[in-house]
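Peer 1: Here is the input, now give the coordinates:
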Amino acid sequence: MALEPTDTVMSAIEKHTRQRGVLVTSDGIGGGVLTQAGTTRASDSLRFPGNVRAMEGRISGRGRHSDVWVKGQFKSLLRPAKATLDATAAPLSATPGPAPAAPSHRKVEEACTIRYGHCVDPDVRRYRPRAWLAATQSGGSVAAQQSSNPPLDSQASGLSFDLGPAPTAYHVASRRPSRKRTRPREDADPWTLQDQANWRMRSTRANTTARVYVVPGLLNAKGELWKPNQLVTVTDLYSGLDQDMLIGAVRWVASRLRRPDHLDVCARDERARNPGPSA
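Peer 2: Here you go, the predicted structure:
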């Protein structure tokens, strides 16, 4: 990937991590760790009411979008190594043979210059798109150039769905049909802008929901430290949660009377590089 002279260290790290969906965390002693969504499970669980003293929650739909686009381009990798005709080219024979089957030059160039990734969030019912430009030449590989852009559904443009015979009439129920969730990537799929679109959708969705649980101290009931990037079972009767969550951050807050731990949790699927069909 290309770096600009004005890029900072964190900006360069952010470009690389966004291209491959990698998380950047601290190692606790002043260094950085490049990792993925953790699979290690904490030895204790979070229970509210229970070992959780307080809970802070923020749920907003401001950063969620129905359609997430990532658009970009890269240099063609299917161009011939040398020109078709040059000073050393031999003349045609008297009976030239048929030309080998090959895609047209226009299609070859469009396969690298007109690239996009598209991800759908079916929970956002109204048309609310968001587009990003790829800051790097993502997906610049022969396999990516030979693959096609992801197919679009009938509502990707926002204007192609049927409004009915009376579009201005009042209807109690929503007339927008449910959309299918974007197909998750498979191991055989090349890395393209589609991976960045999936990552953008999950990361922006994760930033709209914040849950912070306050526990008494640094250690859990088993005497072990609460650590970030660990799976923990959350039983929250107030929020209606009973599932595994990922500890995104651990903040220690010291006061004169107590020293509680603040645990920021989120769904693991929102931080995973490839969440699978359940995301």
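
Peer 1: and residue 202, helix, strand or coil?
Peer 2: Following DSSP: H, G, I helix; E, B strand; the rest coil, the label given to residue 202 is helix.

Peer 1: what about it, how many neighbours?
Peer 2: 22 (other C-beta atoms under 10 Å). Where C-beta positions appear, they are placed from N, C-alpha and C, glycine not excepted.

Peer 1: try the one 3 residues further on
Peer 2: Other residues near residue 205 number 22, with proximity taken as other C-beta under 10 Å.

Peer 1: Would you mind pulling up the elements that the helix or strand harbouring residue 205 packs against?
Peer 2: Assigned by DSSP states H and E, residue 205 belongs to helix 193-207. Taking 3 or more C-beta pairs under 8 Å, 6 or more residues apart in numbering; DSSP states H and E as contact, the helices and strands that helix 193-207 lies on are helix 9-20, strand 67-72, strand 115-120, strand 129-133.

Peer 1: I'd like these laid out as a markdown table, including mean pLDDT and mean neighbour count.
Peer 2: Below are the helices and strands packed on helix 193-207 laid out as a markdown table (pLDDT from 0 to 100; neighbours: other C-beta atoms under 10 Å):
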| stretch | mean pLDDT | mean neighbour count |
| --- | --- | --- |
| helix 9-20 | 76 | 14 |
| strand 67-72 | 89 | 22 |
| strand 115-120 | 89 | 23 |
| strand 129-133 | 89 | 14 |
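
Peer 1: I'd like the ones you listed written out as a markdown table, with distance to residue 148 added.
Peer 2: Output for the helices and strands packed on helix 193-207, formatted as a markdown table (distance: least, C-beta to C-beta, whole Å):
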| stretch | distance to residue 148 |
| --- | --- |
| helix 9-20 | 20 |
| strand 67-72 | 15 |
| strand 115-120 | 10 |
| strand 129-133 | 20 |
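
Peer 1: can you tell me which of those comes nearest to residue 243?
Peer 2: Among those, the nearest to residue 243 by C-beta to C-beta is strand 115-120 (22.9 Å).

Peer 1: Off-centre distance for that closest one?
Peer 2: The chain centre lies 11 Å from the centre of strand 115-120; the measure is C-alpha atoms, centre = their mean, to the nearest Å.
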